[in-house]
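>>> Starting from these lines, generate the structure:
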Amino acid sequence: MRRDRGVALITAIVLVAIATILAVHIGTRAALDLRRTAGLVALDQAWHVALGAEAWAAEVLSDDLEDNETDHLGEAWAQPLPALPVDGGEVRGALEDMQGRFNLNNLLDENRETDETNVERFERLLLLVGAQPRWARIMADWLDEDTVPGIPEGAEDNTYLSQNPPYRAANGLVATTTEMLALPGMTREEFERIRPYVAALPVGTPVNLCTAKAPVLAALVEGGTDFGNAELLEANRRAGCFPTRADLQATLDAAAWQGLEQSVSESSDWFRAVTAVRIGTSELTLYSLVERNGPASIRTVLRSTGTE
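Residues are numbered from 1 along each chain as shown. The predicted structure is shown next:
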């Protein structure tokens, strides 16, 4: 009888332990499900807040076009939006002129053939930012429609099919600058050197002199320009557009200006809105590529979250 009581006690303890484990498991799963649901609700709320900020950015760009003929860093659109409270969190934002960067698709001309002038400009830019200039020729081959590797640094399907896993060259225009990561040998570290200075815009989009970064300006002509100094640009851009087309023309000979004239402007049609929203512990960053064709014609061409 004593043995039977011992067995019954052990059985009861085991059952209580199992019941406790099950209760803890059910409670933990319920808490995780509740937290997951709350996170999804917060992200959905953040998404709509970000879309509202994007619409606000479009209004700012529309008003700016009605008031000014140039786009420079002293204008209202270029000032970052400080953290503003929203229900359960905050929203921050900024607009960037994407025509202040080198357009990768300009490595091709209107006939979708390699534009040697822009390839050379890109090579100079890569050198200025500490990257290898060979990416210019490889990128041009990634874009062009033929399957003949450029000389000396080009790459086509024969190179990409030897990668692991194998893939083919795009042979078409890029929609995002992250396509550079598909180039053979491109590392994240190398890409991060290049990323702040490049954009993916329609072929033929000019560089806005008023907002272009110093290395982009310096790479426009062989031997550099007089405006490739970041401190000089910051000091002079507080009052408005600098350098203007007239400023640049005055520093170049006639032949150099003639080759550059159609590639630069003082206004922009392409901007990127970056909106960061925090709701509770959930965070969302929305990158919106915006095209402005006129005060009444502003559209979002591309949206991405988490990465530009």
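
>>> residue ranges of the helices in the stretch 151-300 of the chain, please?
For the stretch 151-300 of the chain, the helices defined by DSSP state H, counting those that start in this stretch cover 157-160, 188-194, 214-218, 230-236, 245-251, 254-260.

>>> Highest mean neighbour count across these, which stretch is it?
helix 214-218 (a mean of 22; mean count of other Cβ atoms under 10 Å). For every residue, glycine as well, the C-beta is placed using N, CA and C.

>>> for that one, what is the average pLDDT?
On average, the pLDDT along helix 214-218 is 95.

>>> What are the boundaries of the strands in the stretch 51-200 of the chain?
81-86, 89-97, 102-103, 198-199 (DSSP state E, counting those that start in this stretch).

>>> Could you dump those strands into a markdown table and include distance to T225?
Below are the strands of the stretch 51-200 of the chain laid out as a markdown table (distance: least, Cβ to Cβ, whole Å):
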| stretch | distance to T225 |
| --- | --- |
| strand 81-86 | 32 |
| strand 89-97 | 19 |
| strand 102-103 | 14 |
| strand 198-199 | 19 |
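
>>> Identify whichever of those lies nearest to A256.
Nearest to A256 among these is strand 102-103; the distance by Cβ to Cβ comes to 18.0 Å.

>>> what packs against the closest one?
When contacts are defined as 3 or more Cβ pairs under 8 Å, 6 or more residues apart in numbering; DSSP states H and E, strand 102-103 sits against helix 116-128, strand 198-199.

>>> Contacts for it next, please.
121-122, 125, 197-201, 203, 205, 207, 216, 219 (Cβ atoms under 8 Å, 6 or more residues apart in numbering).

>>> Could you list the low-pLDDT ranges of the protein?
Residue ranges of the chain with pLDDT under 70: 1-6, 34, 151, 295.

>>> Looking at the helices and strands packed on strand 102-103, which one is packed in the most?
Using mean count of other Cβ under 10 Å, strand 198-199 ranks as the most buried of these, with a mean of 24.

>>> before we move on, the earlier item: which one of the helices and strands packed on strand 102-103 lies closest to Q79?
strand 198-199 (20.8 Å).

>>> packing partners for that closest one?
strand 102-103.

>>> ok, the strand it packs on: who's next to it in the sheet?
Using DSSP bridges, the strands paired with strand 102-103 are strand 198-199 (parallel).

>>> Could you dump the helices of the stretch 151-300 of the chain into TSV with distance to F271 added?
Listed next are the helices of the stretch 151-300 of the chain as TSV, based on distance: least, Cβ to Cβ, whole Å:
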stretch	distance to F271
helix 157-160	33
helix 188-194	20
helix 214-218	16
helix 230-236	19
helix 245-251	20
helix 254-260	23
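
>>> and the angle for the lengthiest strand in the chain with strand 89-97?
In terms of residue count, the longest strand belonging to the chain (DSSP state E) is strand 282-294. If you take axes from the mean of the first three to the mean of the last three Cα atoms, to 10 degrees, strand 282-294 sits at 40 degrees to strand 89-97.

>>> List the buried residues of strand 282-294.
S282, L284, T285, L286, Y287, S288, L289, V290, E291, R292 (16 or more other Cβ atoms under 10 Å).
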